[in-house]
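K.L.:
Turn this into a model:
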Amino acid sequence: MQRIGRLGRLLTVWAVRPAVGALLALAVLLTGIFLETSLSVTAQRSLTIFVFAAVLWVTKPVPLGVSSLLSVVLLPLLGVTDTFDAAATGFASRLVFFLLLLFLLGEAITKVGLDEHVARQLLTASSTPKGSLHRLSGYLLTTALFMPSGIARTVTFVPIVDRLNDLYELSERNDFLRSAYLLVGQINPIASLALMTGGGMAILSSEIIRIDIRAITWLEWLVYMLPPIVVIYGVSALVLAEVFSVNDTVTVSHTAASTVDITHDQKVVAVVITATIALWVIGSLTGLSTIVPPMLAVVVLTAPGVRVLTEQDLRTVNWGILLLFGAILSLIASLKQTGAMAFLIEWLLGLVPLTTYPVWLAIAIVLFGVVLLRLLFSTASACLAITLPVIITLAETLSIEPLFFAFSTVIIVGSTTLLPFHLPTVLIVNEHYSGLHNRDVFFVGLLSLVVASVVTALSWWLYWPML
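P.N.:
As a prediction, this is how the structure comes out:
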């Protein structure tokens with residue numbers, strides 16, 4: 001009864017969170033407008049709108065798209081920018097167009113069933129549950145190369161996990177299911193960081209790096225990020241199987257592989273995606289923009305005689321996320337132009353005198369602060385949008401290599417998932433499998449964070465300086 005009571009109180013708090021968030025956001029906005037500080041009016045109001053938007057994004061009293069548009073409209077309304085055109089500069093960023101094209105490619109893969117076909121061809125159940133879990137982790141990592149979205153991979157492999165459990169004739173709640181769902185929902189998205197086009201987090205980070213540090217190619221990102229990400233993913237997956245004592249004796253004599261032949265549309269999409277990846281690699285060597293390959297791919301998939309993608313697919317794109325990224329870039333631009341970003345850095349340095357510490361300790365303190373901030377956000381992308389520009393500015397202040405600092409921040413943020421609401425993929429498996437507990441998510445999140453911290457330190461010390 002006590003447990004039910006605690007659950008009821010938790011659900012009550014969760015239910016009123018949007019209302020509390022709306023009131024808190026309004027309080028932030030009014031305080032920022034009328035409070036007198038040493039900041040200039042434009043800098044103060046720019047920072048106020050940014051915090052106001054961040055509160056709305058975390059608590060979600062209204063859809064992300066609505067809060068994003070509202071934050072941009074407030075910039076000219078409160079005099080931060082002279083015109084609405086100046087306020088909406090982020091929506092003209094190539095990031096928004098690039099992400100739209102990737103959404104369409106992901107829709108094509110799912111629409112023709114190529115993702116499930118490939119997964120079922122890869123995944124077999126010819127050995128023990130523990131052996132299948134190891135193979136599953138390898139297939140997820142391999143699949144990330146042609147299916148960048150962690151959410152797409154999660155949705156694809158959840159029914160595969162269910163089928164494997166049935167083939168082994170295991171109970172509805174067991175360590176294999178728990179481990180497999182934690183792998184698919186929590187560790188799997190880390191693999192997306194190996195590619196610059198590996199979902200919103202990597203795409204947003206690469207754009208911020210391009211603007212604040214230097215242009216980075218698709219191949220450069222792969223060379224810098226693939227080795228540490230593979231190690232973090234691999235170690236976390238191996239430890240997961242050992243900690244939860246997955247059965248290593250039960251076997252089956254038949255396979256879970258699908259015998260359905262590949263369709264014409266699946267062949268077309270597979271060829272187009274392969275060509276897109278090839279063009280990204282070639283473009284890294286020739287200077288071809290990363291937006292050109294997916295643009296060509298979408299043109300081919302919508303061309304007469306192919307028509308894998310239609311106008312209906314364009315309407316079903318997640319426009320809320322696109323609006324969120326556009327607003328984030330617009331707000332970051334206003335923070336820089338008004339001097340609010342510079343003020344924030346000076347305030348942080350005054351609060352924690354990082355310049356007086358050894359470099360390694362300063363880096364550790366900053367990244368620990370990033371982890372604490374990550375706990376407040378329901379998406380890693382929103383956290384990176386706020387912290388990464390500050391990290392890059394701090395790197396310049398502390399005379400630290402900004403690219404290494406930026407990569408470290410991306411890895412740490414991407415590996416920190418301590419509660420289900422921190423990651424959409426965890427929410428997906430948590431809703432699907434009732435046997436998954438918050439303590440399981442916390443443990444795996446802490447595990448991946450510790451592994452990521454060690455691997456990041458070694459990469460910064462040994463690997464990245466060689467490139």
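K.L.:
Give me the below-cutoff pLDDT ranges for this protein.
P.N.:
Residues of the chain that meet the criterion pLDDT under 70 lie in 1-17, 115-127, 146-149, 152, 248, 250-260, 284, 349, 376-379, 421-422.
K.L.:
50 - rerun?
P.N.:
Within the chain, the segments meeting pLDDT under 50 span 1-15, 125, 255-258.
K.L.:
Walk me through the domains of it.
P.N.:
Domains of the chain are assigned by automatic domain parsing as 1-87, 95-315.
K.L.:
where's the spatially most central residue of the chain, which helix or strand?
P.N.:
Taking Cα atoms, centre = their mean, the centroid of the chain lies closest to M201, which sits 3.7 Å from it. In the assignment (DSSP states H and E), M201 maps to helix 200-212.
K.L.:
Which residue is the nearest non-sequential neighbour of D313?
P.N.:
E107 (5.1 Å; Cβ to Cβ, 6 or more residues apart in numbering). C-beta coordinates here come from the backbone N, C-alpha and C atoms, glycine included.
K.L.:
got the contact list for the one you found?
P.N.:
Neighbour list for E107: L309, D313, T316, V317 [criterion: Cβ atoms under 8 Å, 6 or more residues apart in numbering].
K.L.:
measure V269 to V55 for me?
P.N.:
Computed as Cβ to Cβ, to the nearest Å, the V269 to V55 distance reads 40 Å.
K.L.:
Ok, I190 next?
P.N.:
Applying Cβ to Cβ, the value for I190 to V55 is 27 Å.
K.L.:
So for these two, which residue has more residues nearby?
P.N.:
Between I190 and V55, I190 has the larger neighbour count (other Cβ atoms under 10 Å), namely 26 against 22.
K.L.:
Could I get the contacting residues of the nearest residue to that one once chain neighbours are set aside?
P.N.:
The shortest distance from I190 to any non-neighbouring residue, by Cβ to Cβ, 6+ apart, is to Y233 (5.2 Å). Contacts for Y233 (Cβ under 8 Å, 6+ apart) come out as S137, L141, I187, I190, A191.
K.L.:
Excluding chain neighbours, give the residue nearest to L64 in space.
P.N.:
Per Cβ to Cβ, 6+ apart, closest to L64 is G320, 4.4 Å.
K.L.:
For the strand or helix carrying that neighbour, name the packing helices and strands.
P.N.:
In the assignment (DSSP H and E), G320 maps to helix 319-338. Applying 3 or more Cβ pairs under 8 Å, 6 or more residues apart in numbering; DSSP states H and E, one finds that helix 319-338 contacts helix 41-59, helix 64-77, helix 94-111, helix 200-212, helix 340-351, helix 380-397.
K.L.:
change it to 6 Å
P.N.:
With contacts defined as 3 or more Cβ pairs under 6 Å, 6 or more residues apart in numbering; DSSP states H and E, helix 319-338 has these neighbours: helix 41-59, helix 64-77, helix 94-111.
K.L.:
Let's have those in TSV, adding distance to P402.
P.N.:
Shown next, in TSV, are those (distance: least, Cβ to Cβ, whole Å):
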stretch	distance to P402
helix 41-59	21
helix 64-77	27
helix 94-111	19
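K.L.:
looking at those helices, which is buried most?
P.N.:
By mean neighbour count, with neighbours taken as mean count of other Cβ atoms under 10 Å, helix 41-59 ranks first of those at a mean of 23.
K.L.:
contacting residues around it?
P.N.:
Contacts with helix 41-59, where a contact means Cβ atoms under 6 Å, 6 or more residues apart in numbering, come from 17-18, 21, 24-25, 28-29, 32, 37, 67, 71, 74, 78, 80, 331, 334-335, 338-340, 376-377, 382.
K.L.:
Please apply the same query to stretch 439-458.
P.N.:
Against stretch 439-458 from outside (Cβ under 6 Å, 6+ apart): 182, 186, 228, 231-232, 235-236, 239, 408, 411-412, 415-418, 420, 426.
K.L.:
can you check stretch 271-278 too?
P.N.:
Residues outside stretch 271-278 that contact it (Cβ under 6 Å, 6+ apart) are F146, P293, P294, A297, V300.
K.L.:
ok, 10 Å please
P.N.:
Contacts with stretch 271-278, where a contact means Cβ atoms under 10 Å, 6 or more residues apart in numbering, come from 101-102, 105-106, 108-109, 114, 145-148, 195, 197, 218, 292-301, 306, 308.
K.L.:
What is the burial count for T249?
P.N.:
Using other Cβ under 10 Å, T249 has 7 other residues around it.
K.L.:
give me every residue that touches it.
P.N.:
T128, P129, K130.
K.L.:
quick one on the thing from earlier: I figured the residue nearest to the centre of the chain hits G150, correct?
P.N.:
Yes. Between M201 and G150 there is a contact under Cβ atoms under 10 Å: 8.9 Å.
K.L.:
Touching both of these two, which residues are there?
P.N.:
P189, S192, L193, G414.
K.L.:
which one of those residues is nearest Y224?
P.N.:
L193 (10.6 Å; Cβ to Cβ).
K.L.:
one step back: just the buried ones out of the contacts of helix 41-59, please.
P.N.:
Buried members of these, counted by 16 or more other Cβ atoms under 10 Å: 21, 24-25, 28-29, 32, 67, 71, 74, 78, 80, 331, 334-335, 338, 340, 377, 382.
K.L.:
Can you give me the separation between the closest residue to S67 other than its chain neighbours and A25?
P.N.:
Nearest residue to S67, sequence neighbours excluded (Cβ to Cβ, 6+ apart): L56, at 3.8 Å. From L56 across to A25, the span is 5 Å (Cβ to Cβ).
K.L.:
so what sits against both of the two?
P.N.:
Residues within reach of L56 and of A25 at once, by Cβ under 10 Å, 6+ apart, are V62, S67, L70, S71.
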